[in-house]
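**Student:** kindly return the folded structure for what I paste below:
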Amino acid sequence: MEKLELEIVALSHSVTQSHNYAVVLGEMKGQRRLPIVIGGFEAQAIAVAMERMTPNRPLTHDLFKNTLDTFDVELKEVVINNLLDGIFYAQLVCVRDGEEFVIDSRTSDAIAMAVRFKSPLYTFDFVMDQAGVVLDEDETKSKKAFSTKSSKPDSYDQYSTKALSKMLEDVLAIEDYEKAAKIRDEIKKREEKE
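**Tutor:** Below you'll find the model as predicted:
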């Protein structure tokens, strides 16, 4: 079995299942993509870590990371190690005092932890052979199928930067991290133009 390194290509609403999201993983050395349907909470946990946002209170994955850090446990890597009946399985490969141990995990939780620890993410070739897809050239260029941004028109352009900053504080206070990421992106876009 060959182990393939993956990266997060996109996080978006699931086209096939309403009220769910899809995290799309791509081969580091290849063209195949591995779309995995996940729940809203898990998508939020991944997005918060990817966007380096600091919630007012730690999310569950932050709590788990803090616990592992407290006990000097390093997350060496995350491996999506199986696919059975359409369900992906994953493992956290951890190291403490030179001893390696493996913890079973839901794939979405494992990805959220990998982002927080900046750990590499892998799968095996047989998993990619079963569930991997290759995007058409047109899809790859447009990236519409797996955009991390909302497909809705930008609705924040009518607000001032000061109003957006206040809005960002408000949505962070109610822990709406998806909306916060969009507002933060609009603020960053404006700062880059200045």
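
**Student:** so which residue is smack in the middle of the protein?
**Tutor:** residue 46 (3.8 Å; C-alpha atoms, centre = their mean).

**Student:** that one reaches residue 11, doesn't it?
**Tutor:** Yes: in this structure, residue 46 is within contact of residue 11 by C-beta atoms under 8 Å, at 5.9 Å. The C-beta positions use only the backbone N, C-alpha and C, and glycine is treated the same way.

**Student:** common neighbours of those two, please.
**Tutor:** Residues touching both residue 46 and residue 11 (C-beta atoms under 8 Å, 6 or more residues apart in numbering) are residue 23.

**Student:** buried ones in stretch 57-68?
**Tutor:** For stretch 57-68, a neighbour-count test (16 or more other C-beta atoms under 10 Å) marks 59, 61, 62, 64, 65, 68 as buried.

**Student:** quick check, nearest of the residues you listed to residue 111?
**Tutor:** Residue 111 lies nearest to residue 61 out of the buried residues of stretch 57-68, by C-beta to C-beta, at 9.8 Å.

**Student:** confirm that the closest one sits in a helix.
**Tutor:** Yes: the assignment for residue 61 is a helix, going by DSSP: H, G, I helix; E, B strand; the rest coil.

**Student:** any idea how far it is from residue 1?
**Tutor:** 28 Å (C-beta to C-beta, to the nearest Å).

**Student:** what does residue 106 give?
**Tutor:** Distance, residue 106 to residue 1, using C-beta to C-beta: 22 Å.

**Student:** pick out whichever of these two has more residues nearby.
**Tutor:** Under the criterion of other C-beta atoms under 10 Å, the comparison of residue 106 against residue 1 puts residue 106 first, with 15 against 8.

**Student:** distance check, the more buried one against residue 45.
**Tutor:** Distance of residue 106 to residue 45, computed by C-beta to C-beta: 11 Å.

**Student:** and residue 172, what is it in contact with?
**Tutor:** Taking C-beta under 8 Å, 6+ apart, one finds 53, 55, 56, 180 in contact with residue 172.

**Student:** okay, now residue 192: neighbour count?
**Tutor:** Residue 192: 7 surrounding residues under other C-beta under 10 Å.

**Student:** wasn't it part of a helix?
**Tutor:** Yes: per three-state DSSP, residue 192 lies within a helix segment.

**Student:** and the pLDDT at it?
**Tutor:** pLDDT for residue 192: 80.

**Student:** what of residue 157?
**Tutor:** The model reports residue 157 with a pLDDT of 66.

**Student:** number the residues from 53 up from this point.
**Tutor:** Noted, 53 is the first residue going forward, which turns the last one into residue 209.
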